[in-house]
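1. Okay, structure incoming, though there's no sequence with it:
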């Protein structure tokens with residue numbers, strides 16, 4: 001649709017005032033009404049860019065679909081996006097900018113748990129509704145935000161027993177050295193123990209680590225049956241290459257809560273990745289009509305997108321849950337939208353039916369177990385309507401609506 005002269009001038013002036021560090025994306029529209037602003041904070045450069053870019057594209061798709069259908073409450077949506085460049089300082093800066101200067105109605109963003117916890121207090125302070133769509137360690141309890149990414153009770157609880165049945169009971173855990181990796185490693189140990197296994201060692205690695213030679217030597221000496229990995233980011237892909245180069249890939253089973261978020265199966269050779277087990281809330285290889293339609297539309301919008309993971313699909317679903325909440329509330333005002341979402345708003349997305357849980361502000365959703373074969377995922381099992389039981393054990397926003405913290409769940 002062509003821009004009116006007024007919107008063209010406004011968009012051009014706004015774009016010209018933005019620095020190279022923050023480039024808002026303005027969605028074209030032909031509506032006379034003032035647009036509703038949707039904020040986006042995602043990494044399109046830096047160590048997390050491979051995950052962040054598909055999330056931004058997925059959000060663009062959702063905005064375009066709403067505008068093509070006539071907008072929301074008779075108004076167009078306009079996406080205001082900032083590239084946070086995998087930099088926590090920029091997350092904090094742009095979070096305040098979106099809330100105070102841009103005055104967006106909702107913010108969709110954050111990838112790592114560190115980035116989420118850096119910006120969440122800002123949105124609470126300025127009363128800007130926040131939607132977080134990344135799989136994470138669980139425990140966040142905040143009425144001002146909604147979370148569509150999977151938690152350990154939805155994925156790790158399914159992954160560990162299956163992987164142990166394929167590998168064995170002696171387990172070595174490797175994970176990223178920040179709160180996601182540290183807490184997920186605790187969940188892994190819990191489920192290993194519950195399934196009759198033994199954790200031999202737990203090793204943590206900063207996100208910039210690329211040399212895993214010493215660790216591989218330690219693993220070889222420990223002689224585990226199974227490696228559980230919660231490594232994160234493009235640099236950590238080096239582990240899988242070095243593991244295969246050491247001749248270990250076919251000797252010890254690997255299962256991961258994160259492998260695939262950076263398109264690792266296609267990035268690595270089949271010899272390096274075949275047989276690795278993963279579990280997520282979404283895989284591009286799902287063949288349901290909703291999934292294939294979503295994949296087709298997103299790849300048409302962004303022809304360079306390498307792989308569509310849970311991160312992108314959950315972003316699309318989180319945005320659309322907010323849209324459904326606004327429709328039910330008949331306003332974009334924060335509290336009425338929160339109250340509408342708390343009624344159990346649902347959206348049939350690419351992963352299946354996603355339903356908001358009032359108690360935790362997380363979602364119940366399908367989760368899937370898959371194995372890499374010939375550089376693609378083969379989905380082997382579906383777990384319908386998986387619940388965020390871990391967070392539900394510590395968070396009850398029905399009884400305590402003013403709760404606002406991340407709990408470390410007692411294991």
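-> Arrived safely, thanks for sending. Remember, predicted model here, so these are calculated numbers, not experimental data. Residues are numbered from 1 along each chain as shown.

2. Next, please give the residue ranges for the strands of the stretch 301-411 of the chain.
-> Per DSSP state E, counting those that start in this stretch, the stretch 301-411 of the chain carries strands over the ranges 346-349, 352-356, 363-373, 376-386, 404-406.

3. again, but for the stretch 51-200 of the chain
-> 77-83, 106-109, 129-132, 140-142, 145-147, 170-176, 198-205.

4. What are the phi and psi values at the spatially most central residue of the chain?
-> The centroid of the chain falls nearest to residue 134 when counting by Cα atoms, centre = their mean (2.0 Å). Torsion angles at residue 134 (phi, psi; degrees, to the nearest 10) stand at phi -110, psi 140.

5. ok now do it, which residues does it touch?
-> Residue 134 is in contact with 110-113, 116, 149, 311, 314, counting by Cβ atoms under 8 Å, 6 or more residues apart in numbering. C-beta: built from backbone N, CA, C; applies to glycine.

6. want to throw these into JSON lines with neighbour count?
-> Converted to JSON lines, the contacts of residue 134 look like this (neighbours: other Cβ atoms under 10 Å):
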{"residue": "110", "neighbour count": "30"}
{"residue": "111", "neighbour count": "29"}
{"residue": "112", "neighbour count": "25"}
{"residue": "113", "neighbour count": "26"}
{"residue": "116", "neighbour count": "24"}
{"residue": "149", "neighbour count": "27"}
{"residue": "311", "neighbour count": "25"}
{"residue": "314", "neighbour count": "30"}
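
7. contacting residues around residue 341?
-> Contacts of residue 341 by Cβ under 8 Å, 6+ apart are 146, 321-322, 324-325, 356, 361.

8. scratch that, residue 362
-> Residue 362 touches 146-148, 151, 388, 391-392, counting by Cβ under 8 Å, 6+ apart.

9. do that again at 10 Å, thanks
-> 132, 136, 138, 140-141, 145-151, 153-154, 355-356, 387-392, 395 (Cβ atoms under 10 Å, 6 or more residues apart in numbering).

10. What does it show for phi and psi?
-> According to degrees, to the nearest 10, residue 362 has phi -100, psi -170.

11. Grab the nearest non-local neighbour of it.
-> residue 388 (3.9 Å; Cβ to Cβ, 6 or more residues apart in numbering).

12. try residue 308
-> Closest residue to residue 308 apart from its sequence neighbours, by Cβ to Cβ, 6+ apart: residue 284 at 4.3 Å.

13. Touching, that neighbour and residue 296? I think so.
-> No. With contact defined as Cβ atoms under 10 Å, residue 284 does not reach residue 296; the gap is 11.0 Å.

14. how near is the residue lying closest to residue 168 once chain neighbours are set aside to residue 163?
-> Nearest residue to residue 168, sequence neighbours excluded (Cβ to Cβ, 6+ apart): residue 225, at 2.5 Å. Per Cβ to Cβ, to the nearest Å, residue 225 is found 10 Å from residue 163.

15. hmm, back to that, which of the contacts of residue 134 fall within helices?
-> 113, 116, 311, 314 (DSSP state H).

16. related to what we said a few turns ago, what about the residue nearest to residue 308, how many neighbours?
-> 24 (other Cβ atoms under 10 Å).

17. tell me the pLDDT at it?
-> Looking at residue 284, its pLDDT reads 96.

18. and if you look at the one 4 residues further on?
-> Predicted confidence (pLDDT) for residue 288: 96.

19. buried stuff in stretch 294-306?
-> 294-295, 297-298, 302, 305 (16 or more other Cβ atoms under 10 Å).

20. which is the next helix or strand following the helix or strand containing residue 239?
-> Element membership for residue 239 (DSSP states H and E) is helix 237-245. Along the chain past helix 237-245, the next helix or strand (assigned with DSSP H and E) turns out to be strand 253-256.

21. Can you list the strands that that next one pairs with?
-> Paired neighbours of strand 253-256 in the sheet (DSSP bridges): strand 226-230 (parallel), strand 277-280 (parallel).

22. residues in contact with it?
-> So strand 253-256 is contacted by 156, 159-160, 162-168, 171-172, 174-175, 188, 224-231, 239-240, 243, 248, 264, 273, 275-279, 369, 371-372 (Cβ under 10 Å, 6+ apart).

23. filter the residues you listed to the buried ones?
-> Of the members of the contacts of strand 253-256, the ones counted as buried by neighbours, 16+ other Cβ under 10 Å, are 156, 159-160, 162-164, 167, 171-172, 174-175, 188, 224-231, 239-240, 243, 264, 273, 276-279, 369, 371-372.

24. Relative to residue 270, how far out is the residue lying closest to residue 334 once chain neighbours are set aside?
-> Closest residue to residue 334 apart from its sequence neighbours, by Cβ to Cβ, 6+ apart: residue 129 at 4.9 Å. In this view, residue 129 and residue 270 are 44 Å apart by Cβ to Cβ.

25. And these two? Which one has more around it.
-> Ranked by neighbour count (other Cβ under 10 Å), residue 129 and residue 270 place residue 129 first, with 24 against 14.
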